[in-house]
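>>> got a sequence here, can you build the structure:
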Amino acid sequence: TTMWFPENPRIRLIPLPSPPDVIRFSFLPTKFGRMLMGTVPSGKALAICSLYFVDKSDDETFREIQQRWPKSRLLRDDEAVEKVASMLFNPENKENALEVPIAVQGTELQQAVWTALAGLQNGETCTYSQLAERVDRPKAVRAVANAVAKNEVAILVPCHRIVSKDGSTKYHWGAGLKQQLLEFEKSIK
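Got it, this is the predicted structure:
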């Protein structure tokens with residue numbers, strides 16, 4: 001399948017005061033492999049709270065999400081996820097027409113970092129220290145790097161666009177995938 005995300009969606013972060021009771025999830029085929037998407041209700045809509053690449057197996061990815069959200073019950077709901085996915089992957093979406101609600105739980109600094117990540121445009125990369133400057137915490141590079149690592153929503157909160165000064169590419173789902181994503185984004189810029 002060639003399903004992929006809109007180029008520069010407008011991301012709206014919705015802070016969760018406490019872990020959701022239930023996360024409705026399902027698996028999606030995408031251009032760069034299978035992904036698990038988790039959603040929670042937000043007003044009348046659904047917000048995305050998890051978006052992970054399936055690295056080894058569905059079960060393992062499910063367990064990983066369970067570890068990240070230990071207080072929430074994970075409920076398989078293909079229909080709910082399909083609703084969100086069809087909105088996201090709709091080719092009719094004009095640039096920036098789509099606002100994507102993303103539910104997050106984190107400290108003020110983490111939320112600031114995720115907001116800054118969501119502001120990175122397609123094809124743009126930056127280093128951890130540049131990111132720390134963007135959130136006005138130039139001395140807190142390590143804390144900023146930790147916040148990047150705690151991002152729950154791949155691609156839409158594009159942590160893959162953060163690169164090390166020495167050019168090394170770390171990525172939760174492997175350096176190879178990160179390279180592919182960055183090269184693909186440069187090619188469609």
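>>> point out where this protein drops to low pLDDT.
1, 93-97, 189 (pLDDT under 70).
>>> which ones are touching the residue positioned nearest the centre of the chain?
With distances taken as CA atoms, centre = their mean, the residue of the chain nearest its centroid is V153 (2.2 Å). By CB atoms under 8 Å, 6 or more residues apart in numbering, V153 lies in contact with 48-51, 102, 104. (Each C-beta comes from the backbone N, C-alpha and C, glycine too.)
>>> please name the nearest non-neighbouring residue to the most far-flung residue of the chain relative to its centre.
The outermost residue of the chain relative to its centre, with distances by CA atoms, centre = their mean, is K139 at 25.1 Å. Using CB to CB, 6 or more residues apart in numbering and skipping the chain neighbours, the partner closest in space to K139 is A132 (7.5 Å).
>>> next, the buried residues of stretch 40-56.
Buried residues in stretch 40-56, defined by neighbour count with 16 or more other CB atoms under 10 Å: 40, 42, 46-54.
>>> ok, which pair from those residues is furthest apart?
S42 and V54 (24.7 Å; CB to CB).
>>> the longest helix in this structure is where?
Ranked by number of residues, the top helix in the chain under DSSP state H is helix 175-188.
>>> got the CA coordinates for that one in CSV?
Extracted in CSV, the C-alpha atoms of helix 175-188 (Å, rounded to 0.1, in the frame of the first residue of the first chain):
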residue,chain,number,x,y,z
ALA,A,175,18.5,4.0,11.7
GLY,A,176,17.7,2.5,8.3
LEU,A,177,14.0,3.5,8.5
LYS,A,178,15.0,7.0,9.7
GLN,A,179,17.2,7.4,6.6
GLN,A,180,14.4,6.2,4.3
LEU,A,181,11.9,8.6,5.8
LEU,A,182,14.3,11.6,5.5
GLU,A,183,15.3,10.8,2.0
PHE,A,184,11.6,10.3,1.0
GLU,A,185,10.7,13.7,2.6
LYS,A,186,13.5,15.5,0.8
SER,A,187,12.4,13.9,-2.5
ILE,A,188,8.8,15.3,-2.2
